[in-house]
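1. with the sequence up front, the predicted model follows.
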Amino acid sequence: MTTETSSYRSHTCGALRTGDVGQSVTLMGWVHRVRDLGGLIFFDLRDRHGITQVVIRAGSAAADLAARVRPEYVIAARGRVDSRSAETVNPKLPTGEIEVVIDTLEILNEAKTPPFPINEDTQVAEETRLRYRYLDLRRPALQKNLVLRHKVALAARRYFDDAGFLEIETPILTRSTPEGARDYLVPSRVHRGEFFALPQSPQIFKQILMIAGFDRYVQITRCFRDEDLRADRQPEFTQIDVEISFATEEIVYGVVEGAIKAMWAAAGHAVETPFPRIGYDEAMLKYGSDKPDLRPGMIISDLLPVFGDELPGFLAEAQSSAETQSLGGIALRGFIVPGAGAYSRKQLDDLVALGTTLGGRIAWARIGDAGVTSSGLKVFGAERLEKAIGVAGGKAGDLLLFMGGAMKNVADTLGRLRLHVAKSANLLRAEDFKFCWVTEFPLFEYNQDEKRWDSMHHPFTSPRPEHVGLLESNPAAVRARAYDLALNGSEIAGGSIRIHRADVQKHAFRLLGISDEDAKARFGFFLDALEFGTPPHGGIAFGLDRMVALLCGESSIREVIAFPKTAQAVDLMAGAPSEVDAKQLRELHIKSS
Ligand code: ASP
């Protein structure tokens, strides 16, 4: 197989430039593309650093071997760097002004024909890509994503180190941590019938580290949540987890904004701070979302004042229904799509139909040459609609999309419609990074199915001190000292100032329907720890996968994880989960025979 053994590579496939012309070099890598022109054979030789063209002349010692080489073979090629003639320069490659003329060639390993081409950017079924992830990972797009992920994580580590944080590992085999998902359990062999849980987050451990005096903690860590399958969730994902002693919201915001600047700088983007802050209620009203996408503008406005006391009939009726009241009362709200007054009848009908799929009855209105036209002309009247367009910030040539009904439905439907319209009007540029803090979250949310209150974040979140008196009497009104960082419609970080007193923590558990005995059994160690001098503290966790996906302009986090699972929570390459030996099950006391 060998004409001569080359035992080391002198350069990577992305290194050589015109300054290297004349040098003897040895390159090693994968054959990306083969072009056999009879007298000359060209290979594009690839590694993760780049592609270099190598040339084998007919009649040279390497020529016979070269004829056998196929794409994805691993070869070593030794030769001299030569400059390319002006007409053969490849301006697309950093190495495009040179080529290496080969005198000795070695096939280091052969390769089967890959199930999809590595050298073309073709659409390949995701299932095939995941099954052959090692081949998929050879493709430049994924290599670029993983390199960026490394740089972003490194920038975060450096930033936190400079800011006095210590990276401390917390256990993977542990007890359940309540983040609202199901636990992955690991049966204990040694202790029959007992289980470890994989951490949904290191929440309790990082708080215990504060109690232990490590005043600034960070960890880039894996979290495990057995959630119902959703398109872009992974059963294991990575957080940059942070906790700070003697923290206030302002301290956390400052630390986080600095970290974002550092990570975005590592990806070549300048970020301006401080980030705007929006209260939860305002976010829900103006954007119909608790993770608003600020890019398209298109703020949702209140149109009720236009109608004063003369409510359109259907709203007047809805106002008295108990269901409407439980969904926040009546609302009439809408947003302007700038310049969309010229939409065709078909486009408008499509928007109304989309509204129906999103759960609501949408109407539109616009001012044209013939005055106001609207799908709700009869119900609302031209004069009021003209006013409504003005109130929403529109003018002739724009389009008002609006809806009336119960507040919660209106906010939700308009929020989703707004994003849909913004997307189809190309108003969502991936590189337009618009951050905002969402604050003033409710502490609890009502769980209709179980007929009880759940924590909106997690049970360790502190209520606002002025709301502590309302905990029992009006849980819905209690606001949390919690904050999320939203970026372009995604939540990229979330955290809170914590409860640091054992009595308040016990009280919070009780309100969540966790009895004292249950709290003792599940979190006794933590409640005990809280009684030994706990500093006030707070923190946050960033979703690293999502941040990197947004930085890479990818819509799926699977594109920035080397070995992700499918939306069905399966590792197609390794074939996990899988059945295990009966012997293992017996040892783990799961099977008796
Ligand atoms: N543990 C929380 C989470 O995983 C983050 C935090 O409160 O710091 O969402």
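-> Arrived safely, thanks for sending. Numbering: from 1, shown residues only.
2. name the helices or strands packed onto the longest helix along the chain?
-> The residue-count maximum for a helix in the chain (DSSP state H) belongs to helix 140-162. Other elements packing on helix 140-162 under the criterion 3 or more C-beta pairs under 8 Å, 6 or more residues apart in numbering; DSSP states H and E are strand 166-167, strand 216-224, strand 236-245, helix 249-266, helix 544-552. All C-beta atoms are positioned from the backbone trio N, CA, C, and that covers glycine.
3. quick one: mean pLDDT over whatever helix or strand comes next after the last one.
-> On the C-terminal side of helix 544-552, the closest following helix or strand by DSSP states H and E is helix 582-587. Averaged over helix 582-587, pLDDT sits at 94.
4. over to stretch 355-365?
-> Over the span of stretch 355-365, the pLDDT mean works out to 92.
5. what's next to the longest helix of the chain, contact-wise?
-> Around helix 140-162, the neighbours that count as contacts under C-beta atoms under 8 Å, 6 or more residues apart in numbering are 48, 121, 136-137, 167, 216, 218, 220, 240, 242, 258-259, 262-263, 265-267, 542, 544, 547-548, 551-552, 554, 559-560, 562.
6. what do you get for stretch 439-447?
-> Residues from elsewhere that reach stretch 439-447 (C-beta under 8 Å, 6+ apart): 249, 277-281, 290, 452-457, 461, 463, 467, 475-476, 478-480, 482-484, 511-512.
7. now do 6 Å
-> Surrounding stretch 439-447, the residues in contact under the criterion C-beta atoms under 6 Å, 6 or more residues apart in numbering are 277, 279-280, 453-454, 456, 463, 475, 478-480, 482-483.
8. what about that stretch, start to end distance?
-> Taking C-alpha to C-alpha, to the nearest Å as the measure, stretch 439-447 stretches 21 Å from start to finish.
9. what do you get for stretch 10-28?
-> Distance between the boundary residues of stretch 10-28 (C-alpha to C-alpha) amounts to 9 Å.
10. any idea how far it is from the chain center?
-> 39 Å (C-alpha atoms, centre = their mean, to the nearest Å).
11. adjust the sequence numbering to begin at 46 for everything that follows.
-> Got it, first residue is 46 now, which makes that one stretch 55-73.
12. list the buried ones in that stretch?
-> H56, T57, C58, G59, A60, L61, D65, V70, T71, L72, M73 (16 or more other C-beta atoms under 10 Å).
13. likewise stretch 353-361?
-> By 16+ other C-beta under 10 Å, the buried positions in stretch 353-361 come out as L356, P357, L360.
14. among the contacts of stretch 484-492, which pair sits farthest apart?
-> The span of these, defined through C-beta to C-beta, is set by R322 and W498 at 25.8 Å.
15. quick one: which of these two has more around it?
-> Per other C-beta atoms under 10 Å, whichever of R322 and W498 has more neighbours is W498, with 18 against 14.
16. the residue nearest to the more buried one when sequence neighbours are not counted and the ligand: what is the separation?
-> Computed as C-beta to C-beta, 6 or more residues apart in numbering, the closest residue to W498 that is not its neighbour in sequence is F489, at 4.1 Å. Using C-beta to the nearest ligand atom, to the nearest Å, we find F489 at a distance of 16 Å from the ligand.
17. so what does the strand or helix carrying L330 touch, helix or strand wise?
-> For L330, the host element (DSSP H and E) is helix 325-332. Contact partners of helix 325-332 among helices and strands, from 3 or more C-beta pairs under 6 Å, 6 or more residues apart in numbering; DSSP states H and E: none.
18. starting at the chain centroid, how far to the helix or strand following that helix?
-> Note on helix 325-332: by DSSP H and E, the next helix or strand toward the C-terminus is strand 346-347. When C-alpha coordinates are averaged (C-alpha atoms, centre = their mean), strand 346-347 and its chain have centres 30 Å apart.
19. could you identify the helix or strand that succeeds strand 346-347?
-> Note on strand 346-347: by DSSP H and E, the next helix or strand toward the C-terminus is helix 349-352.
20. buried set for that following helix?
-> By neighbour count on 16+ other C-beta under 10 Å, the buried set for helix 349-352 is L349, V351, F352.
21. low pLDDT regions in the stretch 146-295 of the chain?
-> Scanning the stretch 146-295 of the chain for pLDDT under 70 picks out nothing.
22. spell out which parts of it neighbour the ligand.
-> Taking C-beta under 6 Å from any ligand atom as the measure of proximity, the stretch 146-295 of the chain contacts the ligand at E224, S246, Q248.
23. can you lay out the residues you listed as CSV showing neighbour count, secondary structure and distance to F480?
-> Conversion of these to CSV gives the following (neighbours: other C-beta atoms under 10 Å; DSSP: H, G, I helix; E, B strand; the rest coil; distance: C-beta to C-beta, whole Å):
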residue, neighbour count, secondary structure, distance to F480
E224, 19, coil, 23
S246, 21, coil, 22
Q248, 25, helix, 24
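24. I'd like to know which of these is nearest to R411.
-> Sorting those by distance to R411 puts E224 at the head of the list, at 45.8 Å, by C-beta to C-beta.
25. excluding its backbone neighbours, what's nearest the closest one?
-> Counting by C-beta to C-beta, 6+ apart, Q245 is the residue found nearest to E224 once chain neighbours are left out, at 3.9 Å.
26. next, count neighbours for the one you found.
-> A count of nearby residues for Q245, using other C-beta under 10 Å, gives 22.
27. show me the contacts for it.
-> If a contact means C-beta under 6 Å, 6+ apart, then Q245 has T222, E224, A226, C268, R270 as its contacts.
28. just give me the neighbour total for the last one.
-> Taking other C-beta under 10 Å as the criterion, the count of residues near R270 is 20.
29. quick one: contacts for it?
-> Shown here is R270, whose contacts under the criterion C-beta under 6 Å, 6+ apart are A226, Q245.
30. what pLDDT does the closest residue to the ligand within the stretch 346-495 of the chain get?
-> The ligand sits closest to F486 of the stretch 346-495 of the chain, with a gap of 11.6 Å, by C-beta to the nearest ligand atom. For F486, the model assigns a pLDDT of 97.
31. kindly report the same for S51.
-> S51 carries a pLDDT score of 50 in this model.
32. one more: the one 5 residues further on?
-> Looking at H56, its pLDDT stands at 97.
33. now swap in the one 10 residues further on and tell me
-> Note for V66: predicted pLDDT of 98.
34. same question, M46
-> In this prediction, M46 carries a pLDDT score of 47.
35. hmm, back to that, so what does the residue nearest to E224 look like in phi/psi?
-> Main-chain dihedrals, Q245, degrees, to the nearest 10: phi -70, psi -30.
36. check the one 4 residues further on too.
-> Note on I249: backbone dihedrals following degrees, to the nearest 10 are phi -70, psi -40.
37. shouldn't it be in contact with F570?
-> No - because the distance of 8.3 Å does not satisfy C-beta atoms under 6 Å, I249 is recorded as not touching F570.
38. indicate the residue of the stretch 296-445 of the chain located nearest to the ligand.
-> Nearest residue of the stretch 296-445 of the chain to the ligand, counting by C-beta to the nearest ligand atom: V297, 9.5 Å away.
39. count of neighbours near that residue?
-> Around V297 there are 24 residues (other C-beta under 10 Å).
40. do R115 as well
-> Other residues near R115 come to 12 when the count uses other C-beta under 10 Å.
41. for it, give its distance to F352.
-> R115 is 73 Å from F352, where distance means C-beta to C-beta, to the nearest Å.
42. which stretches of the stretch 346-495 of the chain have low pLDDT?
-> When residues are selected by pLDDT under 70, none of them lie in the stretch 346-495 of the chain.
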